[in-house]
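Colleague: mind looking at a prediction? Sequence and model below.
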Amino acid sequence: MTWRSVMISRPATLRRDKFTLLIEQEQDARIPFEDIAIIVLNHHEITLTHSVLSACGEYGIGLFSTGPTHHPNGVFLPFLPHSRATRMLRLQLGLGRPASKRAWQTIIQAKIQNQADCLKLADKPGVDKLESLARRVRSGDPDNLESQASAVYFRALFGNDFHRGQPRWVNAALDYGYAVFRAAIARGLVAHGFLPALGLFHASEQNAFNLADDLIEPYRPLVDLHVIQHYLGHGVDDLLPADKVPLVSLLNVDMAMPRGTMSALTSIEQAVESLARLYEGGSEILLELPQLIGLALHQHEC
């Protein structure tokens, strides 16, 4: 399946024209709803009809709004269209703690390995250290090797003076890219009947997307790799409109999965499917998680 990520950054009116999204601007555009995975509304002068929202629910499209800083601040998700949503909810509530801890171990191992691969692709030091940490992660990560790896990783990638709380372009770009992936994963979870608020590890009562925050972890290094390769020369702290389109397009970058190379967006679908099998009694070793292989865009077959 081929999906498109639609980002609208100029004034527009969105309407439904039968089976297509009609984008009314200086030059109108039409896109079949069945080809769309996500729509990002990145301008405060965009209006849309109720029929567009209804189509997003019907076709399983995630619709993201952005705030004054142009970062995603809201998401419209289909209303549990999966035929077995109630069954999946029972499975989520019934998953034992040992199984969730082993699944979290697998996710963190994949994340740290992808961080090591990111350093390798960016020609940065620290690869051996991270690969060693990845091998040592235990069930539930009781030694908090995820945090230890991140401390090594971000300093190696962006410099010893870097930290995530700084108001600078790098962090703005990271936050934007992570938000896009978080919402795309939430879309995939809802489409498969999951309640995203019930996580494997994350369990905040104020977070409606705990499970998405679990599954996003191995995808973060893809955003990191893009940012390290594009941040040099930026003299401003804020993201420019030209910076945001490539960050959304990261959903179309190839990643390696157990069943072959595919776009990040397609890999999310397979990761969610494998997560469903875990809740149905499968082993955590069957989780299908992405491996970072670079920033090449997926080439669609004709």
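Modeller: Yep, it's here.
Colleague: wait, a helix at Gln113?
Modeller: Yes - per DSSP: H, G, I helix; E, B strand; the rest coil, Gln113 lies within a helix segment.
Colleague: wait, it sits on Ile293?
Modeller: No - counting by Cβ atoms under 8 Å, Ile293 is not a contact partner of Gln113; they are 11.9 Å apart. Yep, even glycine has a C-beta here, placed from its N, CA and C like the rest.
Colleague: neighbour count winner among the two?
Modeller: For Gln113 versus Ile293, neighbours defined as other Cβ atoms under 10 Å are more numerous around Gln113 (22 against 15).
Colleague: burial count for the closest residue in space to the more buried one that isn't next to it in sequence?
Modeller: Of all residues not flanking Gln113 in the chain, Ala134 sits nearest, at 4.6 Å (Cβ to Cβ, 6 or more residues apart in numbering). Ala134 has 20 neighbouring residues, counting by other Cβ under 10 Å.
Colleague: residues contacting Ala134?
Modeller: Shown in contact with Ala134 (Cβ atoms under 8 Å, 6 or more residues apart in numbering): 109, 112-113, 116, 149.
Colleague: report the secondary structure state of it.
Modeller: Ala134 ends up helix, using three-state DSSP.
Colleague: okay, it: pLDDT?
Modeller: As predicted, Ala134 sits at a pLDDT of 97.
Colleague: roughly how far apart are it and Val6?
Modeller: According to Cβ to Cβ, to the nearest Å, Ala134 and Val6 sit 36 Å apart.
Colleague: could you measure from the residue nearest to Gln113 over to Gln109?
Modeller: Distance, Ala134 to Gln109, using Cβ to Cβ: 5 Å.
Colleague: looks to me like Phe64 is in a strand.
Modeller: Yes - under three-state DSSP, Phe64 sits within a strand.
Colleague: spatially nearest residue to Tyr59 (excluding sequence neighbours)?
Modeller: Phe33 (4.4 Å).
Colleague: closest to Leu215 out of the contacts of Ala134?
Modeller: Gln109 (14.0 Å; Cβ to Cβ).
Colleague: what are the buried residues along the helix or strand harbouring the closest one?
Modeller: Following DSSP states H and E, one finds Gln109 within helix 97-121. Buried residues in helix 97-121, counted by 16 or more other Cβ atoms under 10 Å: 99-119, 121.
Colleague: the residue nearest the centre of the chain: helix or strand, and which one exactly?
Modeller: The centre of the chain sits closest to Phe181, judged by Cα atoms, centre = their mean, with a distance of 1.9 Å. Taking DSSP H and E as the criterion, Phe181 maps to helix 169-191.
Colleague: for that helix, what is the average pLDDT?
Modeller: So the average pLDDT for helix 169-191 ends up being 88.
Colleague: what's the answer for stretch 75-83, then?
Modeller: 65.
Colleague: then stretch 17-37?
Modeller: 91.
Colleague: let's verify Pro125: helix, strand, or coil?
Modeller: Applying three-state DSSP: Pro125 is coil.
Colleague: nearest residue to it in space, please, no chain neighbours.
Modeller: The nearest residue in space to Pro125 (Cβ to Cβ, 6+ apart) is Ala156, at 5.5 Å.
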